[in-house]
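> For reference, the sequence and a predicted model appear below.
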Amino acid sequence: MLNPQQSAILKDIWGFDRLRPNQERTCFAAKVRKRLPRRDPHAFRGVRGLAEGEPRESRARETVRNLPRYTCLELPNFALKLIPIMTHSSRATLMILCLAMTASCSQNETPAENTQDSVMEATPTVPHEYGGWYCPDNLGGFPAVDILDWSAVPVVNGRMATQEETQNGTSLIFVDADKYPDARPLDMKMPRLARFFNVQSDKNELVIVIQALAISNDSIVGFRYLNGGNGSARLNEVTLLADDEIERLAPARFVQFNVPIQADADAVWSVLTSDEFSATLQATFDPENALEPDWNQSAEVNFNYPESGAITRAFAGDVWGSFYIQIDCQSEQNQYVEKFLLSRSQTSKETTLSITCGPYGTDFMAQESILEKWAAEVKKLSESLQFQSDIARWTWRIDSLQESDC
C-alpha cells in the first residue's frame, strides 16, 4: 500500500492516488536497454548496465513504483517530484539511475531501421498523465493474442469504462468523472488493430486499441500489445490499420503457459540466467548442438530461437519485486519476442514462471513442444537447486548448534 505522502505525489503527477494491486506489484517501469554481455545475475538485480557488483538499493525500488511511459530525458524531471518522500541513500541511487539513463539515451537517439513496416517513428512528445502506461509484463491482465483472434478481445463501446472494467482486462484507463467531467469516449468502435512505435522495444509493434478517450483537450488511446501487456498513447501516435492491411497479415500464434515451481525466485532466476545451466538447457532446444560454443555469452536467458531475427532490445532484472526478462527481435518477416516473468507466492516458496514467446508461423507446434521441454528442465533444475540450498542451510544450522553445545 502507498502511504498518504506517496499518494499525494501520484495525484500531483498523474491525477489519481491509488494503484491496482497487480500494477503495484509488477508494472514494468524499468527502461529496456540494448543487450550487453551477460553479467553475474546475483551482482545487481536491477537494470543491467550499472557497475558490476553494485549493491542493491531496494528502498528506491520500493518507493518509486510504476513510472509512467516517460522517455529517458524526461525521467529526471519526474524523479524530482519523488525526492521529498525518499531517504538520503534512495535519493542518491535514483539520481545515479537518472544520469545513467540520460547518458544512454544521448548515445542512442535514433532507433534501428524498421525493414518490416512503412510507418515511421512518431515524433517524441510529452507523455500524457492519464494512466495506462507501459506494462509489457502484465501478462495476467492482458495475455498475448493470436492475430486471428484480435477482434474477439473484450472491450467497452459507447461509454466510459467503469473502475471494475479497468481491473478485469476489459479496459485500461479509469477516468475520474469528478476531476474530468467533460471526458467522453471517441466516436470509434473498438477494438481496432494498429501500429505503435515502441521506443522501449525499438519496434513498430502491432497493438489492439481497446479504448479511445477525449479528455482535457487530449485524444488518448489505451491498447494491449499483441504479445501481451498494455500501454497507452495519444491518438496521433498510433496508426490504425485498414481492412486490406489486416487481411495481408500472416496468421501467427503465441506460445504462452505458466509453470509452478517449488523453489524460490532466486533459484529459478539462477537457472534462467546463469552460465552454469546453459549447456543442460541447450540440450532441450538444440539437441544437435548446432549453436556456437559461446552463444550464451551475449544472452540474457538460457534459451535460443534460431529464427528470432536481430535483437532490438533486451532486458533482464528485478522489476519492483518480480524478476522479468524480455527479448525483442526484428526480422524482415516477423517481430519476435520472448517474455519470462517470475511471480512469487505470498504464502509458500512456490514461484510461477510465466512464458510468452512468439509469434510463430508454421513452426508453432514444434516450438510449443520445445518450450514445454525447456520449461520442464527449468523446473527440474530449479527445484534441485532449491533442495541443495535447503540442505546446506540446515546443515549449517546443525553445525552451529553443535559448536555452541561444545
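Thanks, I have it. Numbering: from 1, shown residues only.
> Which of the helices and strands in the protein ranks last by mean pLDDT?
helix 58-63 (a mean of 29; mean pLDDT, DSSP states H and E).
> Report the contact partners of residue 375.
Neighbouring residues of residue 375 by CB atoms under 8 Å, 6 or more residues apart in numbering: 257, 259, 353, 355. Every C-beta, even on glycine, is put in place using the N, C-alpha and C of the backbone.
> State the helix or strand in which it lies.
helix 364-405 (DSSP states H and E).
> Just the pLDDT at residue 120, thanks.
For residue 120, the model assigns a pLDDT of 37.
> and the closest residue to residue 192 other than its chain neighbours, helix, strand or coil?
Using CB to CB, 6 or more residues apart in numbering and skipping residues adjacent in sequence, the residue nearest residue 192 is residue 209, 4.3 Å away. Following DSSP: H, G, I helix; E, B strand; the rest coil, residue 209 is assigned to strand.
> of all the contacts of residue 375, which two lie farthest apart?
257 and 353 (9.2 Å; CB to CB).
> who's more crowded, the two?
It is residue 353, of residue 257 and residue 353, that has more neighbours when counted by other CB atoms under 10 Å, with 24 against 13.
> and the angle for whatever helix or strand the more buried one lives in with helix 364-405?
Per DSSP H and E: residue 353 is located in strand 351-360. Counting by axes from the mean of the first three to the mean of the last three CA atoms, to 10 degrees, strand 351-360 lies at 160 degrees to helix 364-405.
> before we move on, the earlier item: output the contacts of residue 375 in TSV; the columns should cover pLDDT and distance to residue 157.
Listed next are the contacts of residue 375 as TSV, based on pLDDT from 0 to 100; distance: CB to CB, whole Å:
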residue	pLDDT	distance to residue 157
257	98	31
259	98	36
353	98	36
355	98	32
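> ok, of the residues you listed, which one's closest to residue 291?
residue 355 (20.2 Å).
> Dig out what that closest one forms beta bridges with.
For residue 355, the beta-bridge partners under DSSP bridges are residue 257, residue 340.
> and it, how many neighbours?
By other CB under 10 Å, 21 other residues sit near residue 355.
> give me every residue that touches it.
Neighbouring residues of residue 355 by CB under 8 Å, 6+ apart: 255-259, 339-340, 371, 375.
> One more: residue 251?
By CB under 8 Å, 6+ apart, residue 251 lies in contact with 146-148, 361.
> Most widely separated two among these?
148 and 361 (12.2 Å).
> Look at those two and report which has more neighbours.
When residue 148 and residue 361 are compared for neighbours, residue 361 comes out ahead with 14 against 11, by other CB under 10 Å.
> Could you find the closest non-adjacent residue to that one?
In space, residue 361 is closest to residue 252, 5.7 Å off (CB to CB, 6+ apart).
> surely the one you found meets residue 149?
No - contact criterion CB atoms under 8 Å: residue 252 and residue 149 do not qualify, at 10.9 Å.
> Specify which residue of the two has the higher count of neighbours.
More crowded of residue 252 and residue 149, by other CB under 10 Å: residue 252, with 20 against 12.
> Give me the pLDDT for that one.
Per-residue pLDDT puts residue 252 at 90.
> Can you give me the distance of it to residue 191?
Residue 252 sits 17 Å away from residue 191, going by CB to CB, to the nearest Å.
> for residue 331, same thing?
For residue 331, the distance to residue 191 - CB to CB - is 26 Å.
> Looking at the two, which has the bigger crowd around it?
Taking other CB under 10 Å, residue 331 and residue 191 do not tie; residue 191 has more neighbours (21 against 13).
> contacting residues for that one?
Shown in contact with residue 191 (CB under 8 Å, 6+ apart): 150-151, 153, 155, 208-210.
> swap the cut-off to 6 Å and go again
Contacts of residue 191 were listed using CB atoms under 6 Å, 6 or more residues apart in numbering, and they are 153, 155, 208, 210.
> And residue 354, by the same measure?
By CB under 6 Å, 6+ apart, residue 354 lies in contact with 139, 258, 341.
> any idea how far residue 142 is from the residue nearest to it when sequence neighbours are not counted?
What sits nearest to residue 354 in space, not counting adjacent residues and going by CB to CB, 6+ apart, is residue 341, at 4.3 Å. Using CB to CB, we find residue 341 at a distance of 13 Å from residue 142.
> These two: who's more crowded?
Neighbours around residue 341 and residue 142, counted as other CB under 10 Å, are more numerous at residue 341. The numbers are 25 against 22.
> Would you mind measuring from that one to residue 215?
For residue 341 relative to residue 215 (CB to CB), the value is 31 Å.
> Just read off the phi/psi values of the closest residue to residue 138 other than its chain neighbours.
Closest residue to residue 138 apart from its sequence neighbours, by CB to CB, 6+ apart: residue 229 at 4.8 Å. Phi and psi for residue 229, reported as degrees, to the nearest 10, are phi 90, psi -180.
> same question, the one 4 residues further on
Main-chain dihedrals, residue 233, degrees, to the nearest 10: phi -170, psi 180.
> what pairs with it across the strands?
With DSSP bridges as the rule, residue 233 is bridged to residue 221.
> number of nearby residues for it?
Residue 233: 26 neighbours (other CB under 10 Å).
> And the pLDDT for it?
pLDDT, read off for residue 233, is 94.
> For residue 223, see how far away it is.
To residue 223, residue 233 is 8 Å away according to CB to CB.
> Next, give phi and psi for the nearest residue to residue 219 once chain neighbours are set aside.
Nearest-residue entry for residue 219: residue 235, 3.9 Å, with adjacent residues in sequence omitted and distances by CB to CB, 6+ apart. Main-chain dihedrals, residue 235, degrees, to the nearest 10: phi -60, psi -40.
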